[in-house]
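Undergrad: Fold the following and give me the result.
(one chain, ligands or ions: 2)
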Amino acid sequence: MSTETDMGAECDVIVVGAGFSGMYQLHRLREAGFRVHAFDTAAEVGGTWYWNRYPGARVDIESTHYSYSFDEDLQQVWDWSERYAAQPEILSYARHVADRFDLRRDISFSTRVESLDWDEANQTWTVRTAPAEASGASPASDGAGIRDARTVAGTPAEPANGTASCAAEAGRTWTARFVVLATGCLSVPQRPRIPGMEDFAGELYSTADWPHEGVDLSGRRVAVVGTGSSGIQTITAIAEQTAELRIFQRTPNFAIPAHNRTLTAEERAAVKADYARIRAADRASGLGFATHDGTGPLPADAPAEVARELDERWARGGLGYSRAYTDVMTNPEANEVLAEYARARIRERVSDPELAELLSPRTYPLASKRMCVDTGYFEVYDLDHVHLHDASTHAIERFTETGVRAGGEDFDVDVIVLATGFDAMTGAITSIDITAGGETLAQKWAHGPRTYLGLMTAGFPNLLTITGPQSPSVLTNMMVSIEYHVDWITRLLTTMRERGLTRVEARAEAEDDWVRVNNDIAGASLMPQGASWYMGANIPGKERVFMPFAGGSHTYIGLVEGYTSANHHGFRFADEAGAQRPAGAA
Ligand code: FAD
Ligand code: N01
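TA: Ligands and ions are numbered 1, 2, ... in the order given. Predicted coordinates for the structure are as follows:
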């Protein structure tokens, strides 16, 4: 708990979340002289990297790009050991940042923000908090299903070393002039309601809530449900140690090799010397990390040239593969060339042709579902004790006391791992009870999110979102998107303070335009053709709308900067007396 225990109405800004977004937002606002406090359900900083401790968890964007750029000393002092760092190292990095900038004194851990109510008379948000249940929950062998440490109130988690307990304060009400939601795009795990979950007598785990003490899977019979990035990384990491591994795959995924490796001292020094250029190039790129973007459409009559280009990209590894040509996400034929090339690589890596076919994505365009970056995934299927189950034709019917029943057959296992994804982009926001002017945000977004620039939503004043829906967010290197939003929000609040303004709101007509722009851009691409979490398609009953801004990070930043310098086009401002006043440019 902060030493200033009674922040109450004197709090300028409350930040919800202490992952990379919340940590940086807290730092920047505090540096700018605002009284700010943050909350997180977790017992530590790190967000994604605090929760997702499953075996094999690591980044799919190279760590020298997936790291903060805002502090030169931090860049120079921190050494990344590998090209793609693993979860423990990234969590250590988050802890290092928290120590370096003394962040913990203004963060209440193990505390969930339950509701936000806009008080029109006082022009403040009322923020109700509750203690969060201990994280790193044990497996639910008692039949209760996996406890959701993130959304269920209960016993507060043990604070990590050096962190202050907030147990005494959790459960109280706070007020703040502004609230910044740094709640994460992938922070609410999706737990399918599979019948019989409570009957399973073995151990049931979720990749997104892996026990902190780890799980020894050696010599055990394990089932994994789900073959997205989390599933693919887990399967690869545990395959060798299990006695039997049964994978329930509903949809196969495209995976590009990571070619992960240890970074040499020379490589690290070279990056450090070049950080200014690297960061600028990332900010100027469409994905938030500089790749060798193709400069034109896929040539129709040059197969040898195309094969050479794709060979080179495959050898380089990573997500830049899909950027080979400018029309990959708009021209089905171009997309299919890259997809078929990736399938051919699967056929090379899996000995059994039938298995290779089962592992080959055929039902959606490449990159319309998030691609994976793998290290030896497909080779796992050559192990005799690894079995692939086609859950698209032989669906999981139920869990039984001894395992999984699918396609009329029973499969006995000791452990089931759910790698079933997240209620992405809107889940963490709508699970907070947010009310303004008699309307809840969940009601407003019932048919899909509506935002202006992914930063605000009309009717909810002084509520800002970092990497919100309809911003590039998950289609980019998130660090670039996070830093841009945090810097922009800090600039906005500083400008308002300088000009005596206390209220900002998105204009409804600007929001309508922005929603239309988003839908038009996504609609002109192949992106909506995948039944992806980008579309909300993984959540039963969720409206299918393409949620991230698909026009590229550089385009987005250009647009936001344009509107900001055009007197904050699309926003409405007022002062303490309620008088509407223009903010001017920033
Ligand atoms: P998060 O890290 O999700 O943090 C949000 C925090 O808010 C959480 O700690 C949560 O507990 C807290 N919170 C939410 N709601 C509440 C509430 N009501 N009250 C209190 N606290 C709350 N992105 C990339 O760009 N590159 C990658 O390689 C990459 N790898 C990933 C790997 C995995 C396994 C996952 C799941 C995601 C990955 N991502 C990656 C996306 C990743 O989420 C972002 O890169 C980044 O970590 C998001 O930071 P954040 O602070 O915005 O959100
Ligand atoms: O989740 P997912 P994830 N029965 O939604 C299946 C980031 N990330 O956690 O595709 C059977 O992609 C589901 O099947 P289907 C990254 O942005 C990054 O793996 O819906 N199967 C799918 O196979 C990523 O995209 C890394 O048919 C069921 C899987 O579960 C995002 O997080 C690592 C099912 C879910 O895949 C989410 O990835 C990890 C059911 N009832 C995460 N319900 C890096 O490498 C769901 N599935 C950096």
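Undergrad: Mind checking the pLDDT average for the longest helix along the chain?
TA: Among all segments of the chain classified by DSSP state H, the helix with the greatest residue count is helix 478-498. Mean pLDDT, helix 478-498: 98.
Undergrad: what about it and ligand 1, any contact?
TA: Yes: counting by C-beta under 6 Å from any ligand atom, contacts between helix 478-498 and ligand 1 involve 478, 482. Where C-beta positions appear, they are placed from N, C-alpha and C, glycine not excepted.
Undergrad: What is the burial count for residue 312?
TA: Look at residue 312: counted by other C-beta atoms under 10 Å, it has 11 neighbours.
Undergrad: what pLDDT does it get?
TA: With respect to pLDDT, residue 312 has a value of 95.
Undergrad: Quick one: residues contacting the nearest residue to residue 53 once chain neighbours are set aside.
TA: Take residue 53 and drop its neighbours on the chain: the residue closest to it by C-beta to C-beta, 6 or more residues apart in numbering is residue 210, 4.2 Å away. By C-beta atoms under 8 Å, 6 or more residues apart in numbering, the contact set of residue 210 is 52-55, 57, 136.
Undergrad: let's see it at 10 Å
TA: With contacts defined as C-beta atoms under 10 Å, 6 or more residues apart in numbering, residue 210 is in contact with 51-55, 57, 87, 136-137, 230, 234, 417.
Undergrad: before we move on, what about residue 435?
TA: 115-118, 126, 441-443, 460.
Undergrad: Go again with 6 Å.
TA: Residue 435 sits next to residue 117 when contact means C-beta atoms under 6 Å, 6 or more residues apart in numbering.
Undergrad: per-residue confidence averaged over whichever strand or helix holds it?
TA: Using DSSP states H and E, residue 435 sits in strand 433-436. Across strand 433-436, pLDDT averages out at 98.
Undergrad: same deal with stretch 86-105?
TA: For stretch 86-105, mean pLDDT is 98.
Undergrad: Next: stretch 522-529.
TA: 97.
Undergrad: So which bits of it are buried?
TA: 522, 525-528 (16 or more other C-beta atoms under 10 Å).
Undergrad: Stretch 337-348 now?
TA: Those would be 337-339, 341-343, 345-346, for stretch 337-348 by 16+ other C-beta under 10 Å.
Undergrad: Just list the residues touching residue 103, thanks.
TA: Residues near residue 103 by C-beta under 6 Å, 6+ apart: 23, 26.
Undergrad: Where does residue 308 fall, secondary structure wise?
TA: Assigned by DSSP H and E, residue 308 belongs to helix 303-316.
Undergrad: Tally up the residues packed near residue 481, please.
TA: Counted with other C-beta under 10 Å, residues neighbouring residue 481 total 26.
Undergrad: what about it, distance to residue 571?
TA: Going from residue 481 to residue 571 by C-beta to C-beta, to the nearest Å gives 20 Å.
Undergrad: Check residue 202 too.
TA: Plainly put, residue 202 is 54 Å away from residue 571 if you go by C-beta to C-beta.
Undergrad: try residue 554
TA: Distance, residue 554 to residue 571, by C-beta to C-beta: 22 Å.
Undergrad: and if you look at residue 82?
TA: Taking C-beta to C-beta as the measure, residue 82 falls 42 Å from residue 571.
Undergrad: Looking only at neighbour counts, state which of these two leads.
TA: More crowded of residue 82 and residue 571, by other C-beta under 10 Å: residue 571, with 20 against 16.
Undergrad: With adjacent residues omitted, what lies nearest to that one?
TA: Spatial nearest neighbour of residue 571, excluding adjacent residues (C-beta to C-beta, 6+ apart): residue 504 at 5.6 Å.
Undergrad: wait, that neighbour sits on residue 573?
TA: Yes: checked against C-beta atoms under 6 Å, the pair residue 504 and residue 573 is within contact range at 5.4 Å.
Undergrad: one step back: quick one: which of the buried residues of stretch 337-348 sit in helices?
TA: 337-339, 341-343, 345-346.
Undergrad: Take the residues you listed and write them to JSON lines, including distance to ligand 1.
TA: Formatted as JSON lines, these follow (distance: C-beta to the nearest ligand atom, whole Å):
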{"residue": "337", "distance to ligand 1": "26"}
{"residue": "338", "distance to ligand 1": "21"}
{"residue": "339", "distance to ligand 1": "22"}
{"residue": "341", "distance to ligand 1": "23"}
{"residue": "342", "distance to ligand 1": "19"}
{"residue": "343", "distance to ligand 1": "24"}
{"residue": "345", "distance to ligand 1": "21"}
{"residue": "346", "distance to ligand 1": "22"}
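Undergrad: For residue 387, state which of those is nearest.
TA: Using C-beta to C-beta, residue 346 is the member of these that sits closest to residue 387, with 17.3 Å.
Undergrad: for that closest one, what are its contacts?
TA: The contact partners of residue 346, taken as C-beta under 6 Å, 6+ apart, are 356, 359-360, 378.
Undergrad: what's the answer for residue 12, then?
TA: 34-35, 177.
Undergrad: Look at it and give its secondary structure.
TA: Following DSSP: H, G, I helix; E, B strand; the rest coil, residue 12 is assigned to strand.
Undergrad: how about the nearest residue to it, chain neighbours excluded?
TA: Nearest non-adjacent residue to residue 12, counting by C-beta to C-beta, 6+ apart: residue 34, 4.3 Å away.
Undergrad: Checking residue 247 next. Helix, strand or coil?
TA: Going by three-state DSSP: residue 247 is strand.
Undergrad: State the pLDDT value of residue 161.
TA: Looking at residue 161, its pLDDT stands at 36.
Undergrad: mind listing the helices for the stretch 1-150 of the chain?
TA: Per DSSP state H, counting those that start in this stretch, the stretch 1-150 of the chain carries helices over the ranges 20-31, 48-51, 72-77, 87-100.
Undergrad: wait, the stretch 301-450 of the chain
TA: In the stretch 301-450 of the chain, the helices defined using DSSP H, counting those that start in this stretch lie at 303-316, 332-349, 353-358, 427-430, 441-444.
Undergrad: Of the ones you listed, which stretch is the most buried?
TA: Mean neighbours per residue, mean count of other C-beta atoms under 10 Å, is largest over those for helix 427-430, with a mean of 22.
Undergrad: my read: residue 323 touches residue 291, true?
TA: Yes: counting by C-beta under 6 Å, residue 323 touches residue 291, with 5.0 Å between them.
Undergrad: what's the nearest residue to the residue in the stretch 301-450 of the chain positioned nearest to ligand 1 if we skip its chain neighbours?
TA: Using C-beta to the nearest ligand atom, the single residue of the stretch 301-450 of the chain nearest to ligand 1 is residue 428, 4.4 Å away. Excluding the flanking residues, the one nearest residue 428 by C-beta to C-beta, 6+ apart is residue 183, at 3.7 Å.
Undergrad: measure the closest residue to residue 260 other than its chain neighbours to residue 519 for me?
TA: Using C-beta to C-beta, 6+ apart and skipping the chain neighbours, the partner closest in space to residue 260 is residue 84 (4.7 Å). Look at residue 84 and residue 519: by C-beta to C-beta, they are 34 Å apart.
Undergrad: And these two? Which one has more around it.
TA: Neighbour comparison, residue 84 and residue 519: the larger count goes to residue 84, with 20 against 16 (by other C-beta under 10 Å).
Undergrad: Residue 281 and residue 52, how far apart?
TA: Residue 281 sits 28 Å away from residue 52, going by C-beta to C-beta.
Undergrad: Compare these two and say which is more crowded by neighbours.
TA: Shown here are residue 281 and residue 52; by other C-beta under 10 Å, residue 52 has more neighbours (23 against 14).
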